[in-house]
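> Give the three-dimensional model of this entry:
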Amino acid sequence: MHDLRFYHTLRELTVADVAALTGGDFRGDGDQELITIAPADKATAGVLSFFASGKVEVPEQNDLYGACVTTEQLASALPSTLTLILVKNPHKAFVQAVNAFLRQRTIMDAGTGLGAPSIADDARLHPTAIVSDGAEIGEGTEIGPHSVVGPGVRIGRNCSIGANVVIEAALIGNDVTIKSNTVLGGSGFGLFPDDQGLSAIPHFGRVVIQDRVGIGSNVCIDRGAFDDTVVGENSKLDNLVHIGHNVHMGRNSLMAAFGGVSGSVKIGDWVQMGGRVGLSDHVTIGDGAKLAANSAVLKSVPAGETWGGAPAQPIKQFWREVAWLSLNAKKKNKKD
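The predicted structure is shown next:
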């Protein structure tokens, strides 16, 4: 379910409406009302999803009675309980449907139903800071000049928000530090090809920053496409770090400067990542793992292991290869 603090419904749609809008055919209950969006493996009644590739994990107690936009060729891979909307390009059709009934609340268009912002009496806001409708600012929190807090955003107690920070579609805990020029809750980097070239996939998730997190300057943390992007309690991000959509970072983990985390990565507790580390999408970094500076991580790292290199590998193997290359380079130089 999309968070009504950050997104509002433009109109009601049924499965038949979506089929007509996208030029598709439906198979199942055309009168089903659609109220939110989710991945296909969470498409309960009233949910609109899409399926373009891969595999759908059906819950043990199958409650997938929602609707799914897909192709005729992929229909057999989906649970028979789903109502299907069959189209040629599921990504394009899904975007068309979502844009017809959901909209992000923005500073310029917060929609209705939020009310005035709630700001604690002892919170300190620079006169140039902007706090939008429905936002909540906790006790003892400070917000610097020219920072923007979007509609519905919640910031807890005793937080420090620097200058020129932009926060939207985010829930922030207590004792959080966010330094200048950081952006939280922007749309993730999700694209699909269509007849116009490349088009953006809409993002209707959130960013969740837990208590005592430290975020440096010029950091970008994208909101999730469907789910949340989460930075766990007491984790620390250095300057110039990027966290992609749907990433889940555990507690007490850290990433040094110039690091980048692709979408849907899972990072455990007490993970240490050096400068300029890059993580490929959908990998898992186990609890207590360490990644050396400049590592390019293309596959999952088991808990407690130290990896390095590009592509990253267990650190002992990495140093053996470095030593072998160094030795053979010296031999070649002697021959020359």
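> Quick check: Asn158 touching Glu139?
Yes. Counting by CB atoms under 8 Å, Glu139 is a contact partner of Asn158 at 7.1 Å. Every C-beta, even on glycine, is put in place using the N, C-alpha and C of the backbone.
> Okay, buried residues for the longest helix anywhere in the chain please.
Ordering each helix of the chain by length in residues (DSSP state H) puts helix 315-335 first. By neighbour count on 16 or more other CB atoms under 10 Å, the buried set for helix 315-335 is 315, 318.
> Alpha carbons only: can I get that helix in PDB?
Provided in PDB are the C-alpha atoms of helix 315-335 (Å, rounded to 0.1, in the frame of the first residue of the first chain):
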ATOM      1  CA  ILE A 315      40.900 -10.900   0.000                       C
ATOM      2  CA  LYS A 316      43.500 -13.700   0.200                       C
ATOM      3  CA  GLN A 317      42.800 -14.700  -3.400                       C
ATOM      4  CA  PHE A 318      43.000 -11.100  -4.400                       C
ATOM      5  CA  TRP A 319      46.400 -10.600  -2.800                       C
ATOM      6  CA  ARG A 320      47.700 -13.800  -4.400                       C
ATOM      7  CA  GLU A 321      46.700 -12.500  -7.800                       C
ATOM      8  CA  VAL A 322      48.400  -9.200  -7.100                       C
ATOM      9  CA  ALA A 323      51.600 -10.900  -6.000                       C
ATOM     10  CA  TRP A 324      51.600 -13.200  -9.100                       C
ATOM     11  CA  LEU A 325      51.100 -10.200 -11.400                       C
ATOM     12  CA  SER A 326      53.900  -8.300  -9.600                       C
ATOM     13  CA  LEU A 327      56.300 -11.300  -9.800                       C
ATOM     14  CA  ASN A 328      55.700 -11.900 -13.500                       C
ATOM     15  CA  ALA A 329      56.000  -8.200 -14.300                       C
ATOM     16  CA  LYS A 330      59.400  -8.100 -12.600                       C
ATOM     17  CA  LYS A 331      60.500 -11.200 -14.600                       C
ATOM     18  CA  LYS A 332      59.400  -9.600 -17.800                       C
ATOM     19  CA  ASN A 333      61.300  -6.400 -17.000                       C
ATOM     20  CA  LYS A 334      64.500  -8.400 -16.400                       C
ATOM     21  CA  LYS A 335      64.200 -10.000 -19.800                       C
END
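> What lies in contact with that helix?
Helix 315-335 has contacts (CB atoms under 8 Å, 6 or more residues apart in numbering) with 292, 305-309, 312.
> got it, and stretch 155-166?
Contacts for stretch 155-166 (CB under 8 Å, 6+ apart): 120, 126, 135-150, 167, 172-186, 211, 217.
> got a list of what the spatially closest residue to Ile315 that is not a sequence neighbour touches?
Spatial nearest neighbour of Ile315, chain neighbours left out: Thr306 (4.4 Å); criterion: CB to CB, 6 or more residues apart in numbering. For Thr306, the contacting residues are 289-292, 314-315, by CB under 8 Å, 6+ apart.
> so what's Val47 closest to, chain neighbours aside?
Val47 sits nearest to Gly66 (CB to CB, 6+ apart), 3.6 Å away.
> if I pick the one you found, what's in contact with it?
Per CB under 8 Å, 6+ apart, neighbours of Gly66: 32, 34, 38, 43-49, 82-83.
> Strands - which of the residues you listed land there?
Using DSSP state E, the members of these that fall within strands are 34, 47-49, 83.
> Quick check on the spatially most central residue of the chain: phi, psi?
Nearest to the geometric centre of the chain sits His245, at 2.1 Å (CA atoms, centre = their mean). Phi and psi for His245, reported as degrees, to the nearest 10, are phi -70, psi 150.
> Next one, pLDDT for it please.
With respect to pLDDT, His245 scores 97.
> what do you get for Asp41?
pLDDT recorded at Asp41 is 88.
> on that earlier part again, from Pro314, how far out is the residue nearest to Ile315?
7 Å (CB to CB, to the nearest Å).
> go on, Lys92?
Between Lys92 and Pro314 the computed distance is 42 Å (CB to CB).
> Please say which of those two ends up with more neighbours.
Using other CB atoms under 10 Å, the more surrounded residue of Lys92 and Pro314 is Lys92, with 19 against 15.
> just checking, the more buried one is part of a strand?
No. Read with DSSP: H, G, I helix; E, B strand; the rest coil, Lys92 is helix and lies in no strand.
> what's around the closest residue to it other than its chain neighbours, how many residues?
Closest residue to Lys92 apart from its sequence neighbours, by CB to CB, 6+ apart: Asp194 at 4.8 Å. The number of residues packed near Asp194 is 12, by other CB under 10 Å.
> Same check on the one 3 residues further on?
Using other CB under 10 Å, the number of residues around Gly197 comes to 7.
> Could you check the pLDDT of it?
Gly197 is assigned a pLDDT of 89 by the prediction.
> again with Gly111
pLDDT for Gly111: 87.
> which stretches of this structure have low pLDDT?
Segments of the chain classed as low confidence (criterion: pLDDT under 70) are 1, 59-61, 332, 334-336.
> how about the helices of it, start to end?
Per DSSP H, the chain carries helices over the ranges 15-22, 90-101, 315-335.
> Take these and lay them out in CSV including distance to Gly232.
Output for these, formatted as CSV (distance: least, CB to CB, whole Å):
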stretch, distance to Gly232
helix 15-22, 37
helix 90-101, 29
helix 315-335, 25
